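Engineer: what would the 3D arrangement of this be:
(2 chains)
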Number of protein chains: 2
Amino acid sequence: MASRFDSVKALVFDVFGTVVDWREGIARDAAVFLARHGRGDIDPRGFADAWRRRYQPAMEQVRSGRRPFTRLDVLHRENLEAVLMDYGLSPGSMSGEELDEFNRAWHRLDPWPEAVAGLTRLKRKFIIAPLSNGNIALMLNMAKRAGIPWDGILGSEVAQAFKPQPEAYLRTAEVLGIQPAELCLVAAHNNDLAAAKQCGLATAFVPRPTEHGPNQTTDLEPTGSWNVVAKDFQDLAHKLGC
Amino acid sequence: MASRFDSVKALVFDVFGTVVDWREGIARDAAVFLARHGRGDIDPRGFADAWRRRYQPAMEQVRSGRRPFTRLDVLHRENLEAVLMDYGLSPGSMSGEELDEFNRAWHRLDPWPEAVAGLTRLKRKFIIAPLSNGNIALMLNMAKRAGIPWDGILGSEVAQAFKPQPEAYLRTAEVLGIQPAELCLVAAHNNDLAAAKQCGLATAFVPRPTEHGPNQTTDLEPTGSWNVVAKDFQDLAHKLGC
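Structural biologist: Here you go, the predicted structure:
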């Protein structure tokens, strides 16, 4: 085990991409939604990618201070209307309840196949919690549906800040009553790990080479000196002695 | 099952007294602490009662606006120093680490005997979470030690308000993305249930007749028209069809 881990008490996890496969989950619900609206011609994975492309710019409005902290459910809902219009669909002609229901596709994402088993092992030795930009209800409903055994739901809504802002990492350690060095971020994204390391957190990289589909070119390898690199959550549990 | 419960999606629980036996837990750690300081003459249950008596006045400082929102771990720590001085002990002569460790006795409270089994049944049908005035780390560490299977950790630190302020109940529903009527408070304290009902929550009373010891005179019976009255969490699970 990496010696740096002797002092780690809690593991916090990036979720979209690291714990769950957002692309296939959103595509599954998009296929049904689009067919219902007579637009079976739209590639549902392309629709998922388009919805996700609006994620960072929406949070950047908050990070830059141009907008107060806003739950991701609200940003996702606004982005849904925008992406529907990009595809020539008219959200104004659809019922709010139907759009809300589709928006909750983000609450219904499936974990990567070994994720729940790996987390169950990791939970024996560490506090485990999400440190996602998703809001509490999103993370809680996702965990309840998928059986993810979090010890608590942390992340942007508790910290009132979106990653990679330092407050997202530092306030999470503070809420847990531990030092940044006692907290480890587990993520499939090198930029998230770099920001966490800058705040003094320990870091673990777990690649998810099909997060963006079969032709993914990013985050296939660690690009920083992370404390642990594991091939999946079962391997991470093994490497951390769980 | 009470018909009002058809729309309830989440059960939130008062914790000190309702889920865990704070008096015996604090007394257990107090006995060791006091003996170490040569004060085996002090009744540890009396010490626990004295520490707890400073709980509401400390929160009242925040509720009244005289002090910004402050985690309960901090209030408990201040109150510990005060109660030690009341007993003629000198916290200034003790190490900060020893006082911190004793203060974390609140993280090590044991659930009432049937509580975890009852919560495990209730979790099959409802979202379950604490709605305590305790902070996130306190509730999370307590649950991890005792095996309490919460779906997430809610309460004062997430709501940034102490019960019985309306914000504590209303923001909890908002964070869960549900209506107040879809949320039920479970508590052993009639005043907590009255405040929740005032906010539109459903209510369930579970008496804990020895919370304050064998001669308890308060909260032995429901004093309001709560939606459900159950004798313990197993009975509550039965009454709610879990």
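
Engineer: get me the contact residues on chain A for chain B.
Structural biologist: Applying Cβ under 8 Å from any Cβ of the partner chain, we find that chain A lies next to chain B at A:73, A:127, A:129, A:135-137, A:139-141, A:143-144, A:150-154, A:157-158, A:175-177. The C-beta positions use only the backbone N, C-alpha and C, and glycine is treated the same way.

Engineer: in strands, which of those residues fall?
Structural biologist: With strands identified by DSSP state E, the entries of those that belong to them are A:127, A:129, A:154.

Engineer: state the phi and psi torsions of the closest residue to residue A:61 other than its chain neighbours.
Structural biologist: The spatial neighbour of residue A:61 that comes closest, neighbours along the chain excluded (Cβ to Cβ, 6 or more residues apart in numbering or on different chains), is residue A:67 at 4.3 Å. Reported as degrees, to the nearest 10, the phi and psi values for residue A:67 are phi -150, psi 140.

Engineer: what residues are up against residue A:175?
Structural biologist: Neighbour list for residue A:175: A:154, A:158-159, B:135-137, B:157 [criterion: Cβ atoms under 8 Å, 6 or more residues apart in numbering or on different chains].

Engineer: turn these into a markdown table, including distance to residue B:38.
Structural biologist: Shown next, in a markdown table, are these (distance: Cβ to Cβ, whole Å):
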| residue | distance to residue B:38 |
| --- | --- |
| A:154 | 42 |
| A:158 | 42 |
| A:159 | 44 |
| B:135 | 32 |
| B:136 | 36 |
| B:137 | 31 |
| B:157 | 37 |
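
Engineer: from those residues, which single one is nearest residue B:211?
Structural biologist: Of all these, the one sitting nearest residue B:211 is residue B:135; the distance, using Cβ to Cβ, is 20.9 Å.

Engineer: ok, the residue lying closest to that closest one once chain neighbours are set aside - contacts?
Structural biologist: Spatially, and ignoring its direct neighbours in sequence, residue B:135 is nearest to residue B:71 (4.0 Å; Cβ to Cβ, 6+ apart). Neighbouring residues of residue B:71 by Cβ under 8 Å, 6+ apart: B:135, B:137, B:157.

Engineer: quick one: the helices in chain A, in order.
Structural biologist: Shown for chain A, the helices assigned by DSSP state H span residues A:22-36, A:44-53, A:55-63, A:72-86, A:96-103, A:115-125, A:136-146, A:156-159, A:166-176, A:190-198, A:233-239.

Engineer: gap between the nearest residue to residue A:79 once chain neighbours are set aside and chain B?
Structural biologist: Excluding the flanking residues, the one nearest residue A:79 by Cβ to Cβ, 6+ apart is residue A:54, at 4.0 Å. Summarising the geometry, the distance separating residue A:54 from chain B, computed by Cβ to the nearest Cβ, to the nearest Å, is 21 Å.

Engineer: go ahead and confirm residue A:54 touches residue A:82.
Structural biologist: Yes. Counting by Cβ atoms under 8 Å, residue A:82 is a contact partner of residue A:54 at 6.2 Å.

Engineer: more neighbours, these two?
Structural biologist: The residue with more neighbours, out of residue A:54 and residue A:82, is residue A:54; 17 against 13, by other Cβ atoms under 10 Å in any protein chain shown.

Engineer: got the phi/psi numbers for the more buried one?
Structural biologist: For residue A:54, the backbone dihedrals are phi -90, psi 0 (criterion: degrees, to the nearest 10).

Engineer: nearest to residue A:206, of the helices of chain A?
Structural biologist: For the helices of chain A, proximity to residue A:206 was assessed by Cβ to Cβ; helix A:233-239 is nearest, at 6.0 Å.

Engineer: ok now that closest one, how far from the chain's centre?
Structural biologist: Computed by Cα atoms, centre = their mean, to the nearest Å, the chain-centroid distance of helix A:233-239 equals 19 Å.

Engineer: next, the buried residues of it.
Structural biologist: Applying a neighbour-count criterion of 16 or more other Cβ atoms under 10 Å in any protein chain shown, the buried positions in helix A:233-239 are A:233-234, A:236-237, A:239.

Engineer: closest to residue B:114 out of these?
Structural biologist: Proximity to residue B:114 was ranked across the buried residues of helix A:233-239 by Cβ to Cβ; first place goes to residue A:237, at 32.4 Å.

Engineer: measure the closest one to residue A:15 for me?
Structural biologist: From residue A:237 across to residue A:15, the span is 18 Å (Cβ to Cβ, to the nearest Å).

Engineer: where do the domain boundaries of chain A fall?
Structural biologist: As recorded under automatic domain parsing, the domains making up chain A are A:3-21+A:111-239, A:22-107.

Engineer: low-confidence ranges in chain A?
Structural biologist: A:1-4 (pLDDT under 70).

Engineer: quick one on the thing from earlier: so for residue B:116, which of the domains of chain A sits nearest?
Structural biologist: Proximity of these to residue B:116 was assessed by Cβ to Cβ; the nearest stretch is domain A:3-21+A:111-239, lying at 14.8 Å.

Engineer: where's that closest one relative to the chain centroid, distance-wise?
Structural biologist: Relative to the chain's own centre, domain A:3-21+A:111-239 is displaced by 8 Å; criterion: Cα atoms, centre = their mean.

Engineer: same check, this time on stretch A:56-68
Structural biologist: 17 Å.

Engineer: check which residues of it are buried.
Structural biologist: For stretch A:56-68, by 16+ other Cβ under 10 Å, it's A:58-59, A:62-63.

Engineer: for burial, what's the neighbour tally of residue A:220?
Structural biologist: Burial measure for residue A:220: 12 neighbouring residues, criterion other Cβ under 10 Å.

Engineer: distance check, it against residue A:184.
Structural biologist: Relative to residue A:184, residue A:220 is positioned 22 Å away (Cβ to Cβ).

Engineer: which parts of stretch A:190-198 are buried?
Structural biologist: Along stretch A:190-198, these residues count as buried under the neighbour rule (16+ other Cβ under 10 Å): A:190, A:192-193, A:195-197.

Engineer: which one of these is nearest residue A:36?
Structural biologist: The shortest approach to residue A:36 among the buried residues of stretch A:190-198 belongs to residue A:192, at 35.2 Å (Cβ to Cβ).

Engineer: need the contact list for the closest one.
Structural biologist: Residue A:192 neighbours (Cβ under 8 Å, 6+ apart): A:14, A:163-164, A:185.

Engineer: hey, what's residue A:185 bridged with?
Structural biologist: Note on residue A:185: beta-bridge partners residue A:12, residue A:203, judged by DSSP bridges.

Engineer: surely it meets residue A:194?
Structural biologist: No. Proximity of residue A:185 to residue A:194 does not meet the contact threshold set by Cβ under 8 Å, at 10.1 Å.

Engineer: neighbouring contacts of stretch A:85-104?
Structural biologist: Residues outside stretch A:85-104 that contact it (Cβ under 8 Å, 6+ apart) are A:29-30, A:33, A:37, A:39, A:42, A:47, A:50, A:73, A:76-77, A:80-81, A:84, A:141.
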